[in-house]
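A.B. asks: Let's see this in three dimensions:
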Amino acid sequence: MPIHRVGLVDALGLSPLPLALRQARRAVFGDGQTPRSRFDQTSLHIFTPSLSVSTWLGRMRADRLVPIMNFVNRTPTPVEEGWSVRVTRVRDWRGGRLTYDSHNGTDFVVPPGLPVCAAAPGRVMAIRREFNRGGLKLYLDHGGTLVTTSNHLSRVLVTVGQQVQRGEVVGWSGYSGIDGVVGFPWVAPHVHYNVWHGGVAVDPYAADDSEVSLWRRRNDPVPWQPGDVVDDGPWLSSSSSSSFTEAGIARCLAFCADSSVRRTVNDLDSLSARGSELLIESITYPTRFSTPEAGRLLFETVPARSPRLDLPFQAVDVAGTIAIR
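C.D. replies: Okay, here's the model as predicted:
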């Protein structure tokens, strides 16, 4: 199993330390547009020492199933109250409670240094390092307004603008960010995996027959394997060029309440870069915008959901997933 050796500094995203400390302050105290993060005794549910210690030591299950530590919360608390790791009102796609208030992704528990792959063909939209919100993050644009992000990485192996193929290795796992430092070693290292569609964060799983799963194998995703033929034709051209328009960027920018974000966007040269920056900001820091889900404004039309994603790991390493409770 090709797990790469990753030092603790890289796994936790502590370098450069001055930047990490400045960004950590934002998570604890907030800023002018971002409320501080919220924790209480219910946050202890993410501590799983029986799983975390062995995973930090590089061990995986013998059946190669990846434990899922948290799903998307389908009843999130209001964003204006701040990022909440509390468990006050939660419901995952199964109707269970494997999540927390503000959780908008899927947490795949894997040891640091495990290769992370593209779940579908696409273009590298952005690479960010935010110690306060997800650590080292890789954003992939798959076309048709579908974007995936892999958070808490220890290393990224691709560059912005690069085209990637389904199943191509794009980085290594870790647990970078303030959550990894605070929870070490009692919270399991994992890839926090986001799926965005139509400018908002969505759950890739389908709760019932009325919903369409974004996983190619419905609610039981597996990695792509060499020889597995997939018709990605309709999406390849749209992921190689921007889905953004000047009109959409203007609509979204009009609701941006943060002058520094507006300056950053206006200083960028390309349509793709400006749209990407606004999309990322609107979902990561929604309180910097004066309208809910401002990312929706970026797109003129949004295709219907369709099953396009595979599990973002190599088939040689991972066979599938299993919920830990």
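A.B. asks: okay, CA-based contacts and neighbour counts for the rest of this
C.D. replies: OK.
A.B. asks: in its sheet, what does the one helix or strand Val147 maps to sit against?
C.D. replies: For Val147, the host element (DSSP states H and E) is strand 146-153. Here strand 146-153 has these sheet partners by DSSP bridges: strand 135-141 (antiparallel), strand 190-197 (antiparallel).
A.B. asks: Quick check: next helix or strand after that strand?
C.D. replies: With DSSP H and E, the next secondary element past strand 146-153 is strand 155-156.
A.B. asks: in the stretch 101-250 of the chain, which spans are helices?
C.D. replies: 178-183, 233-240, 246-253 (DSSP state H, counting those that start in this stretch).
A.B. asks: Can you tell me which of the ones you listed has the worst average pLDDT?
C.D. replies: The minimum mean pLDDT among these belongs to helix 233-240 (a mean of 68).
A.B. asks: hmm, back to that, hey, which of the helices of the stretch 101-250 of the chain is tucked in deepest?
C.D. replies: A comparison of those by mean neighbour count, using mean count of other Cα atoms under 10 Å, puts helix 178-183 on top with a mean of 19.
A.B. asks: Packing partners of it?
C.D. replies: Helix 178-183 is packed against helix 8-12, with contacts defined by 3 or more Cα pairs under 8 Å, 6 or more residues apart in numbering; DSSP states H and E.
A.B. asks: And the helix it packs on, what's buried?
C.D. replies: For helix 8-12, a neighbour-count test (16 or more other Cα atoms under 10 Å) marks 8, 10-12 as buried.
A.B. asks: Relative to Leu309, which of the residues you listed is nearest.
C.D. replies: Ala11 (25.9 Å; Cα to Cα).
A.B. asks: Please name the residues that touch the closest one.
C.D. replies: 112, 153-154, 173-176 (Cα atoms under 8 Å, 6 or more residues apart in numbering).
A.B. asks: Next one: it from Ala257, what distance?
C.D. replies: Applying Cα to Cα, to the nearest Å, the value for Ala11 to Ala257 is 34 Å.
A.B. asks: can you list the helices of the stretch 101-250 of the chain in CSV and add distance to Val124?
C.D. replies: Shown next, in CSV, are the helices of the stretch 101-250 of the chain (distance: least, Cα to Cα, whole Å):
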stretch, distance to Val124
helix 178-183, 24
helix 233-240, 9
helix 246-253, 20
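A.B. asks: List the contacts of the closest residue to Gln314 other than its chain neighbours.
C.D. replies: Take Gln314 and drop its neighbours on the chain: the residue closest to it by Cα to Cα, 6 or more residues apart in numbering is Pro223, 5.8 Å away. Contacts were defined as Cα under 8 Å, 6+ apart; by that measure Pro223 touches 119, 167, 310-315, 318-320.
A.B. asks: Please convert these to CSV, extending it with neighbour count, pLDDT and distance to Arg216.
C.D. replies: Shown next, in CSV, are the contacts of Pro223 (neighbours: other Cα atoms under 10 Å; pLDDT from 0 to 100; distance: Cα to Cα, whole Å):
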residue, neighbour count, pLDDT, distance to Arg216
Ala119, 27, 98, 10
Gly167, 22, 97, 13
Asp310, 23, 98, 6
Leu311, 25, 98, 9
Pro312, 27, 98, 12
Phe313, 28, 98, 14
Gln314, 23, 98, 15
Ala315, 16, 97, 15
Val318, 21, 98, 16
Ala319, 16, 98, 15
Gly320, 17, 98, 13
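A.B. asks: and those residues as TSV, adding distance to Phe29 and secondary structure?
C.D. replies: Below are these laid out as TSV (distance: Cα to Cα, whole Å; DSSP: H, G, I helix; E, B strand; the rest coil):
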residue	distance to Phe29	secondary structure
Ala119	35	coil
Gly167	39	coil
Asp310	37	coil
Leu311	35	strand
Pro312	33	coil
Phe313	35	coil
Gln314	39	coil
Ala315	42	coil
Val318	39	coil
Ala319	41	coil
Gly320	38	strand
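A.B. asks: Out of those residues, flag the one nearest to Glu300.
C.D. replies: Using Cα to Cα, these come closest to Glu300 at Ala119, 25.0 Å.
A.B. asks: I figured that closest one hits Asp310, correct?
C.D. replies: Yes. Counting by Cα atoms under 8 Å, Ala119 touches Asp310, with 4.7 Å between them.
A.B. asks: shared neighbours, those two?
C.D. replies: 223-224.
A.B. asks: centroid residue for the protein?
C.D. replies: The centre of the chain sits closest to Asn194, judged by Cα atoms, centre = their mean, with a distance of 3.0 Å.
A.B. asks: Can you read off the pLDDT for it?
C.D. replies: 98.
A.B. asks: partner residues bridging it?
C.D. replies: Note on Asn194: beta-bridge partners Thr149, judged by DSSP bridges.
A.B. asks: burial count for Thr321?
C.D. replies: 19 (other Cα atoms under 10 Å).
A.B. asks: Number the residues from 35 up from this point.
C.D. replies: All right, first residue 35 from here; so that's Thr355.
A.B. asks: That one and Phe142: what is the separation?
C.D. replies: Counting by Cα to Cα, the separation of Thr355 from Phe142 is 8 Å.
A.B. asks: between these two, what contacts are shared?
C.D. replies: Here Thr355 and Phe142 have 100-102 as joint contacts, going by Cα under 8 Å, 6+ apart.
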